[in-house]
Every structure is written in C-alpha cells, then in structure tokens.
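Participant: Sequence plus the predicted model coming up.
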Amino acid sequence: MKKDDLAERLNDFIEYLEKERNYSQHTVRAYRKDLERFFEFLDEQKYAHVDQIVIMYYIGFMLRYGLDARTVARKLSSLKSFFKVLKKRGHIEENPAAEIRTPKTKKHLPGFLTYEQVQRGLDIDNPRDKAIMEVLYSCGLRASEVVGLDRNDVDLHRDEVKVRGKGRKQRIVPLGKEAKNAIVGYLKKRKHTGEHLFANYRGDRLTTRSVQRIVRKSLIRLARASGTNPHILRHSFATHLLENGADLRAVQELLGHASLSTVQIYTHLTTKHLQEIYRKKHPRAE
C-alpha cells in the first residue's frame, strides 16, 4: 500500500480505537505516536510503499538505534493493529506486519561506558553541547527530561535540578560540580531569552532527536563504546554509582523509577567489578 494512503487512514484508526474499542486517551495517544513515528521513518528513508520487508527493516532500525526490545515490541503491536483494521475494512488485502515475529522482551543488560570513556566523551568545545552531555551523565536524565528543563528548574545555589519525568512526576536530583560549571559557562554565552534551558540556533526548545544527535556526535568517536544514544549515559550514571557503593534504592530515586525491580538489572553490570575486588582483597580468593 502507498505510504500516503496509509497516513490518510490514521485518523480513521484513531477514531476506531476511541469509539469502538473505548481505549483511554493515554492509550490512543501512544498508538498515534507510534504510527506517526513510523510514517516519519518512511519519509526519512524515502519509502513510497509499505510491505513486510519495509516493516522488518524498521524493526531492525529501532533495535540497532538502541531502543529496548519491549519498546520495539509495543511499536510493532501498534503496526499490527493498524494494518489489521485496514484489512478488516477492505483498505488492504494483506496485513504486512502479521507474520513478523515480536522481538523477545526478556531482560537484557544495558550497555554502559567506562568512566575513562565518559571523560573523553565529555571533552567538547561547544558550550551548549558540553552542558547537555554533562547534565545527562551527572544527573542520569532521559533525553526527554533534558529537553524539558527550564532555566528555573536549575538551582545553582543548592546544586539541584527539578526534573519532570514520566507521567509528569517531579523529582529533585543533585547537580555535580562539572555539570554546574558547564551550565554556567553555557548560560554566559547563550543568546536566547526563553524560559527553556537548552535551545537550538533559532532560540526554540531543543527536541529529543536533537539531543540524540548531539550525544551520538560526541560518543561515536570513542573506541569500543557500547552505545551512542543518550540512554548510554544514564546507564553509565547508574552503574558508576553502584560500583562506588551507592544504595540501590537511592539510585532508584535518582533515576525516577517507580519500581526497584527496574533498577536491579544494574546490579548484574557490577558483578565483574565485585569479582575483581574479591580476588584482590579476600585472603583465600585464589
């Protein structure tokens, strides 16, 4: 089916979810967002038609970019539902997503950078980009949380940052010395006067995709980097805290996770580190 024809059917699908399936507005927004991102991908890759191969390439693209399998599985589910409805209503003959296998969603160990890699990745001349990178690592923020920061969210006197996380939940996180210095340096040179902290060259608030590009540009030059997306700095933040003896629940609060089980996966990352300490310090380890 032609890509333009699919995009025209999006509102009909959304209306179906609202009126026939009685889905919540939150769920409907999630479906719309997933499908709009798929259409953006088609535009970026200049695909005029959609078939099974295109959708499989999209799944592979998301996995390679660093999205976790659970997120990719949800996006694939949105596509399957969308095409299923189109087929049911006679707009297409076959559902191109029907036979595509859902990625396994078992927990996997997130990648992280060594502190030496982080240091090299933060060696940046651009004041704005350096401040963004420092805040991502110093505070363990998501890319969306960074772009959502306003100038008033940063308290340079108390060395704190007010963060609006998932579900609009707010939390206060400490601001490290290096990140504070980077923000101060950036504020002295920035030209925009908007309430948002980080802006593009037009003075508008940065987008999440812009932050992704900034991080990739900074980390792609690192040898053996296990990832080049903003989440790799968040994973590194959590891992380095735990390696240095931080309490698991404290890390949970800093990351803004509702469940402790979500954070426990990071403990597996430090196993090798603990084994090395054991071998060096325990008198009967070897």
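Facilitator: Yep, that arrived.
Participant: Just the helices from the stretch 101-250 of the chain, written as ranges.
Facilitator: Along the stretch 101-250 of the chain, the stretches classed as helices by DSSP state H, counting those that start in this stretch are 115-121, 127-139, 143-147, 177-189, 208-219, 230-243, 248-255.
Participant: Quick check: mean pLDDT of the shortest one?
Facilitator: Along helix 143-147, the predicted confidence averages to a pLDDT of 93.
Participant: which other residues reach it?
Facilitator: Outside of helix 143-147, the residues within contact range by Cβ atoms under 8 Å, 6 or more residues apart in numbering are 132, 135-136, 163-165, 196, 198, 205-208, 210-212, 215, 229-231, 256. (Glycine included, C-beta is placed from N, CA and C.)
Participant: for it, which positions count as buried?
Facilitator: For helix 143-147, burial by neighbour count (16 or more other Cβ atoms under 10 Å) applies to Ala143, Glu145, Val146, Val147.
Participant: so how far is Ala97 from the second one?
Facilitator: Spelled out, it's Glu145. Glu145 sits 31 Å away from Ala97, going by Cβ to Cβ, to the nearest Å.
Participant: Ok, the last one next?
Facilitator: Going from Val147 to Ala97 by Cβ to Cβ gives 31 Å.
Participant: what do you get for Lys46?
Facilitator: If you measure Lys46 against Ala97 using Cβ to Cβ, the figure is 20 Å.
Participant: Give me the buried positions along the host helix or strand of Val72.
Facilitator: Val72 is part of helix 69-88, with elements assigned from DSSP states H and E. Across helix 69-88, burial judged by 16+ other Cβ under 10 Å covers 69, 72-76, 78-83, 85-86.
Participant: Could you list every helix and strand in contact with it?
Facilitator: Using 3 or more Cβ pairs under 8 Å, 6 or more residues apart in numbering; DSSP states H and E, the elements in contact with helix 69-88 are helix 10-19, helix 25-44, helix 52-65.
Participant: Which neighbouring elements make contact with the longest one?
Facilitator: Same thing as helix 25-44. Contacts defined by 3+ Cβ pairs under 8 Å, 6+ apart place helix 25-44 against helix 3-8, helix 10-19, helix 52-65, helix 69-88.
Participant: send the alpha carbons of stretch 5-25 over as CSV?
Facilitator: Only the C-alpha atoms of stretch 5-25 are listed here, as CSV (Å, rounded to 0.1, in the frame of the first residue of the first chain):
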residue,chain,number,x,y,z
ASP,A,5,-2.7,6.4,1.6
LEU,A,6,-1.7,4.8,5.0
ALA,A,7,-1.2,8.2,6.5
GLU,A,8,-4.7,9.3,5.4
ARG,A,9,-6.2,6.3,7.3
LEU,A,10,-4.5,7.2,10.6
ASN,A,11,-7.4,9.4,11.9
ASP,A,12,-9.9,6.7,11.0
PHE,A,13,-7.9,4.2,13.0
ILE,A,14,-7.7,6.6,16.0
GLU,A,15,-11.5,7.1,15.8
TYR,A,16,-11.9,3.3,15.8
LEU,A,17,-9.9,3.0,19.0
GLU,A,18,-11.8,5.8,20.7
LYS,A,19,-15.4,4.9,19.7
GLU,A,20,-15.4,1.2,19.0
ARG,A,21,-12.7,-0.1,21.4
ASN,A,22,-13.2,2.6,24.1
TYR,A,23,-9.5,2.9,24.7
SER,A,24,-8.2,5.6,27.1
GLN,A,25,-6.8,8.8,25.8
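Participant: Could you check it and say which residues are buried?
Facilitator: Leu6, Arg9, Leu10, Phe13, Ile14, Tyr16, Leu17, Tyr23.
Participant: what do you get for stretch 33-47?
Facilitator: Going through stretch 33-47 with 16+ other Cβ under 10 Å, the ones that come out buried are Asp34, Leu35, Phe38, Phe39, Leu42, Tyr47.
Participant: Give me the nearest residue to the fourth one, chain neighbours excluded.
Facilitator: Using Cβ to Cβ, 6 or more residues apart in numbering and skipping residues adjacent in sequence, the residue nearest Phe39 is Ala7, 5.3 Å away.
Participant: The one you found contacts Phe38, doesn't it?
Facilitator: No - under the contact definition of Cβ atoms under 8 Å, Ala7 does not touch Phe38, with a separation of 9.7 Å.
Participant: Identify the contacts common to these two.
Facilitator: If you check Ala7 and Phe38 against Cβ under 8 Å, 6+ apart, no residue is contacted by both.
Participant: how close does Pro283 get to Arg209?
Facilitator: 53 Å.
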